[in-house]
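Enquirer: sequence and predicted structure, then a few things I'm wondering about:
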Number of protein chains: 2
Amino acid sequence: MVEKSKPATLSDVARLAGVSVATASKALNGRAQVRASTREKVFRSAEALSFIPNPLAQGLLSGQTGTVGLLTSDLEGRFSIPIMMGAEDAFGADSTSVFLCDARGDAIREQHQLRALLSRHVDGLIIVGARPDPRRSLGPDITVPVVYAYAPSDDPEDYSITSDNVHGGRLAAEHLLGIGRRRIGIITGDSGYGAAHDRVTGAAEALHDAGLEPVEAAFFGSWSESWGRGATRILLEGHPEIDGLICGSDQIARGAMDALRELGREIPDDVAVVGHDNWEVLATDARPPLSSIDMDLQELGRRAAEKLFEAIDGRPSHGIEKLPCRLMVRGSTTPTH
Amino acid sequence: MVEKSKPATLSDVARLAGVSVATASKALNGRAQVRASTREKVFRSAEALSFIPNPLAQGLLSGQTGTVGLLTSDLEGRFSIPIMMGAEDAFGADSTSVFLCDARGDAIREQHQLRALLSRHVDGLIIVGARPDPRRSLGPDITVPVVYAYAPSDDPEDYSITSDNVHGGRLAAEHLLGIGRRRIGIITGDSGYGAAHDRVTGAAEALHDAGLEPVEAAFFGSWSESWGRGATRILLEGHPEIDGLICGSDQIARGAMDALRELGREIPDDVAVVGHDNWEVLATDARPPLSSIDMDLQELGRRAAEKLFEAIDGRPSHGIEKLPCRLMVRGSTTPTH
DNA sequence: CTGTTAGCGCCTTCAG
DNA sequence: CTGAAGGCGCTAACAG
């Protein structure tokens, strides 16, 4: 049966070592004023009892709990996850643990979760938005430091870290230019997303720098495969000369690739394709595997965590920081001859 | 600037109400021996100071922290997420908060996270495996209740809840039979997965019950689109008469659908296709949208949380519980005539 | 160097 | 019905 053996406390350790709790505490915490032999003895006792300091007690004293809240609006979505992983990474399990909450995109629920988190005296909060556009700030009267990740806060006093979508668009275009493509089309998602526009802007800038422009103004639609298919057909009807295609998401790119194949175009020899998000399950198994812009979300999560640490430490940042994207090259932009 | 106003403590409330901390405590916790008017006064003071009891202090006393650990091996993967959401649901943010840890499939790391979680005195643990096959038990000497979700524990003394894969396979086959298909093929993933075999078994049973059998022994391979494509070509070469196809995952199904289309088969009129996992991003945007077996993972998470609660409450369960699957019908099995 | 004392915020006896 | 006292596990002053 389950041994309900209460975990050892510091006084157990002290008793076993034949010293007082204070001495034991000092020894274990590496305070200076302890004789080496005593320290040794205490350590052995702690070991023997497999003593783990109770963080509740520590927290009660220090006012810090060693916990942070991660409030996401969209667990289902794949954006929150790598960010969380990055944050977890940066915190390191022993020093800081992460409370996860998902508000499911509901403001009431968010408020609720927030109260719960604060009542647990988290040392800080990371707010992960569901989409890359700005979101409402929680306001300045939250009692703990807050960092906004992915979706920036609309208050410049807050600190936010988000993906540099302009850079991502630029990267895609430069890559296509780099492999000699000159007649480039752009298909992207919902025009209600600022990120969609930013990526187009970046791509257009890169083309412009090369003395080019897109074969036609970017197509906005939805973030779906079917839009990718439909838009590609329309685009190629108007511009059969296209040799490069920038897609606003990997889903769109997958649709586009299907349509291209059905129109008899070889990828990448006739048309090279770049996606966005680097969603592995879609990208790696495409025909050919899809080159894609990676937002480096795990790094984003890591940075968010570091900044939160600094803020907890009394060194807060402000404004919106943009993390550059990376290009993941696969077969869809690697000519075979 | 950030108001570092220390949160109010019980003694603040007591002072404001003009009573002792003991009385304030009793009043707020609804203990009987307090005059109504006093209680009222205390409540108002608490309100005024927006007092929130410090759970650290409470936990220190009671031994319960109101937290549980959710240890997953595979955050990246899509299986952990709905389970976490379900668990979060069941716990409700106020009573219990969830510490999230991802071991990234590394046993050392898992051990590490586990220690961290235990040192935080979580009240219980949910272990979410990365794949539906049994995993090593954490053993009986964990000091808190444990529930295994998705991947069952290999120790029958533990309580595990997992998806009923045999049932899922059966469901897929019965559905195809129900729309009149009789010449049914099965393509599935890695034969190293017990779940792959279970799903095949369930499908074969259902066919057998109808006096049929698969056109050929199930094809095992990998959980990828490319395997779906390749296997479908081989299968149709040997059995061009096929009118129904059961796939072990949605990725395989997507590959299979591509291959079928390229072989000139109409879906679903010539060949109806069922996937497994009901991974929305793949299923809903397929051509036509893909019918799929849903493992109801969110419900699985909810059940895991409930069982954990019971165990914390001193009413532990044992053995492996299997949650039935659900069928999600879409266009790939909805004949158009 | 080591031990004693005093809390952190809260709850629970036990006297008044 | 209310308050004073003790203690949960730990650390930070101070004494010794």
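Expert: Received it, and whenever you're ready, just let me know what you need.
Enquirer: show me where chain A has helices.
Expert: In chain A, the helices defined using DSSP state H lie at A:10-17, A:21-28, A:36-48, A:55-62, A:80-91, A:107-119, A:165-178, A:194-209, A:225-238, A:250-262, A:280-283, A:297-312.
Enquirer: nearest to A:Pro335, of those helices?
Expert: helix A:165-178 (11.5 Å; Cβ to Cβ). Yep, even glycine has a C-beta here, placed from its N, CA and C like the rest.
Enquirer: how far is the closest one from where the chain is centred?
Expert: How far helix A:165-178 lies from its chain's middle: 21 Å, per Cα atoms, centre = their mean, to the nearest Å.
Enquirer: quick one: it to helix A:194-209, angle?
Expert: 40 degrees (axes from the mean of the first three to the mean of the last three Cα atoms, to 10 degrees).
Enquirer: packing partners of helix A:165-178?
Expert: For helix A:165-178, the packing partners by 3 or more Cβ pairs under 8 Å, 6 or more residues apart in numbering or on different chains; DSSP states H and E come out as strand A:184-187, helix A:194-209, strand A:244-247, strand A:272-276, strand A:291-294, strand A:326-328.
Enquirer: could you dump the longest one to CSV, C-alpha only?
Expert: Extracted as CSV, the C-alpha positions of helix A:194-209 are listed here (Å, rounded to 0.1, in the frame of the first residue of the first chain):
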residue,chain,number,x,y,z
GLY,A,194,-2.1,42.4,-39.1
ALA,A,195,0.4,39.6,-39.4
ALA,A,196,-0.8,38.7,-42.9
HIS,A,197,-0.2,42.3,-44.0
ASP,A,198,3.2,42.5,-42.4
ARG,A,199,4.4,39.3,-44.1
VAL,A,200,3.3,40.7,-47.4
THR,A,201,5.0,44.0,-46.7
GLY,A,202,8.2,42.2,-45.9
ALA,A,203,8.1,40.2,-49.1
ALA,A,204,7.2,43.2,-51.2
GLU,A,205,10.1,45.1,-49.7
ALA,A,206,12.6,42.4,-50.6
LEU,A,207,11.3,42.2,-54.1
HIS,A,208,11.4,46.0,-54.4
ASP,A,209,15.0,46.0,-53.2
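Enquirer: in that helix, what counts as buried?
Expert: For helix A:194-209, the neighbour count (16 or more other Cβ atoms under 10 Å in any protein chain shown) marks A:195-200, A:202-207 as buried.
Enquirer: with pLDDT and distance to A:Gly275 added, can I get the residues you listed in a markdown table?
Expert: Formatted as a markdown table, those follow (pLDDT from 0 to 100; distance: Cβ to Cβ, whole Å):
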| residue | pLDDT | distance to A:Gly275 |
| --- | --- | --- |
| A:Ala195 | 95 | 14 |
| A:Ala196 | 97 | 14 |
| A:His197 | 97 | 18 |
| A:Asp198 | 97 | 16 |
| A:Arg199 | 97 | 11 |
| A:Val200 | 98 | 14 |
| A:Gly202 | 98 | 15 |
| A:Ala203 | 98 | 13 |
| A:Ala204 | 97 | 18 |
| A:Glu205 | 97 | 19 |
| A:Ala206 | 98 | 16 |
| A:Leu207 | 97 | 18 |
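Enquirer: before we move on, the earlier item: out of the helices and strands packed on helix A:165-178, which is closest to A:His318?
Expert: helix A:194-209 (20.5 Å).
Enquirer: which residues touch that closest one?
Expert: A:131-134, A:163, A:165-174, A:177, A:184, A:186, A:188-191, A:213-214, A:218, A:220, A:246, A:248, A:276 (Cβ atoms under 8 Å, 6 or more residues apart in numbering or on different chains).
Enquirer: ok and the residue in the stretch 151-300 of chain A nearest DNA strand D?
Expert: The stretch 151-300 of chain A approaches DNA strand D most closely through A:Tyr159 (28.5 Å), counting by Cβ to the nearest atom of the strand.
Enquirer: isn't that residue up against A:Phe309?
Expert: No: using Cβ atoms under 8 Å, A:Tyr159 is not in contact with A:Phe309; the gap is 11.9 Å.
Enquirer: which of the two has more neighbours?
Expert: A:Tyr159 (24 against 19; other Cβ atoms under 10 Å in any protein chain shown).
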